[in-house]
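Student: Model the structure of this input:
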Amino acid sequence: MADSQKVAPQGLQATITAGLGTLATASCLQWIPADQAQYWAGVASLTVPVIGYLAARIFASMDEPEELTRYKARLLRDLKHQKRILKDKNISKEIKAGISKKYEQTMLKLATANQDYNGQELITD
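Tutor: Numbering: from 1, shown residues only. The predicted structure follows:
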């Protein structure tokens, strides 16, 4: 399971950090007074790697397998329809009770969708 957890790709993180560092030192520091430039260069050297790491993590989290994305979209569609039925006043209480149970099951499936995906396919019990 630990192998399937996503981490920020090191190459992407290095590229983002280098780009942000170059941008900060080459363009932004030219407007800072010379007596404060050393201070801001130090601040930039501490914050740019953190920003690069976070940007790489965000990019890696958006890179979700297509099958998992489709599965989550189907679950979200199901929730939308189930919620619509639960709000409908013309539906009998028995049907609403069954839909309510299905709604809870769908919420659970959506909440555990990432855990249920093993990197190649969905694991169903």
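Student: for the chain, which helix is longest?
Tutor: Using DSSP state H to define each element, the chain has its longest helix at helix 34-62.
Student: Tell me which other helices or strands that helix touches.
Tutor: helix 10-26 (3 or more CB pairs under 8 Å, 6 or more residues apart in numbering; DSSP states H and E). Backbone N, C-alpha and C define where each C-beta goes, glycine included.
Student: okay, which residue of the chain is out on the far edge from center?
Tutor: Centroid-distance maximum for the chain: residue 35 at 41.0 Å, with CA atoms, centre = their mean.
Student: got the angle for the longest helix of the chain vs helix 10-26?
Tutor: Calculated by axes from the mean of the first three to the mean of the last three CA atoms, to 10 degrees, helix 34-62 forms an angle of 150 degrees with helix 10-26.
Student: For the protein, which residues score under the pLDDT cut-off?
Tutor: Applying pLDDT under 70 to the chain picks out residues 1-10, 25-29, 119-125.
Student: repeat that for 50
Tutor: 1-5, 7 (pLDDT under 50).
Student: domains in it, as residue ranges please.
Tutor: Following automatic domain parsing, one finds the domains of the chain at 2-62, 66-116.
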